[in-house]
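After the sequence you'll find the predicted model.
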Amino acid sequence: MDPPVAAGKATRLMTLADNETRDRFRHFLTIPTRWMDNDVYGHVNNVTYYSYFDTVINQYLVSEGGLDINQGEVIGIAAESLCRFQRAFTFPEVVQAGLRVSHIGNSSVRYEIGLFHEGEHDAAAAGYFVHVFVDRSSRTPVAIPAAIRAALTPLSIAD
């Protein structure tokens, strides 16, 4: 079976494998689960996984790319996301979030994220997240700032 294509981009194939592994990611951030992350079924609620995606991406952009989330003229807006769940996380536990970049365009970037249990090779969840960089005031797309582009390049797996 052919891999799915990204929405609206019939020529660009998704690079996410069915079973992502730790060695395919370029940057990692450790994120502790919180008591409030658990749902009534005793595991981290699926919507929280997107919060982990947001955290690893934005922590990297702020620390490595100089993104000013409070007053910068350019901000990243989430345009698309997907998450495949394999195994649950619980509280208390540590999530190791892996990050890579599969596409850098003029104004957009597609990140791919793997969430791993401590010491495990296979991802418990994996997905992607697309940012479109826009002018904070007008919300119109702008070129990815040079410092952010420079920070994203080492995470790139191809294009």
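Nice, I can see it. Quick caveat: nothing in here was measured; it's all calculated off a predicted structure.

For the rest of this, base every contact and every neighbour count on C-alpha atoms.
Noted.

list the buried ones in the lengthiest helix in the chain?
Longest helix in the chain, counting residues (DSSP state H): helix 46-65. Neighbour-count burial for helix 46-65 flags 46, 49-50, 52-53, 56-58, 60-61, 65 (criterion: 16 or more other C-alpha atoms under 10 Å).

close enough to count as contact, P32 and A97?
No: with contacts defined as C-alpha atoms under 8 Å, P32 does not count as touching A97, sitting 10.4 Å away.

what packs against the longest helix of the chain?
Other helices and strands packing on helix 46-65, by 3 or more C-alpha pairs under 8 Å, 6 or more residues apart in numbering; DSSP states H and E, are strand 27-32, strand 94-104, helix 146-152.

okay, the ones you listed in CSV with distance to V74 and mean pLDDT next?
Output for the helices and strands packed on helix 46-65, formatted as CSV (distance: least, C-alpha to C-alpha, whole Å; pLDDT from 0 to 100):
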stretch, distance to V74, mean pLDDT
strand 27-32, 23, 98
strand 94-104, 16, 97
helix 146-152, 10, 98
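
Determine which stretch of these is the most buried.
Per-residue neighbour counts averaged over each of the helices and strands packed on helix 46-65 give the maximum for strand 94-104, namely a mean of 22 (mean count of other C-alpha atoms under 10 Å).

So what are the sheet partners of the very next helix or strand once past it and their directions?
Beyond strand 94-104 in the direction of the C-terminus, DSSP states H and E gives the next helix or strand as strand 108-117. When sheet partners are counted by DSSP bridges, strand 108-117 sits next to strand 94-104 (antiparallel), strand 125-135 (antiparallel).

Which of these sits closest to H117?
Between H117 and the strands paired with strand 108-117, the shortest gap by C-alpha to C-alpha is with strand 94-104, which sits at 5.7 Å.

which stretch among the strands paired with strand 108-117 comes nearest R26?
strand 94-104 (5.5 Å).

could you check the angle helix 46-65 makes with that closest one?
When axes from the mean of the first three to the mean of the last three C-alpha atoms, to 10 degrees is applied, the directions of strand 94-104 and helix 46-65 differ by 70 degrees.

Dump strand 94-104 to PDB, keeping only the CA atoms.
This file holds the C-alpha atoms of strand 94-104, laid out as PDB (Å, rounded to 0.1, in the frame of the first residue of the first chain):
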ATOM      1  CA  VAL A  94       8.600  10.700  31.400                       C
ATOM      2  CA  VAL A  95       7.900  11.300  27.700                       C
ATOM      3  CA  GLN A  96      11.000  11.600  25.400                       C
ATOM      4  CA  ALA A  97       9.900  13.700  22.500                       C
ATOM      5  CA  GLY A  98      11.900  13.300  19.300                       C
ATOM      6  CA  LEU A  99      11.900  16.000  16.600                       C
ATOM      7  CA  ARG A 100      12.900  16.200  12.900                       C
ATOM      8  CA  VAL A 101      12.000  18.300   9.900                       C
ATOM      9  CA  SER A 102      10.700  16.700   6.700                       C
ATOM     10  CA  HIS A 103      10.000  19.800   4.700                       C
ATOM     11  CA  ILE A 104      11.100  23.500   4.800                       C
END
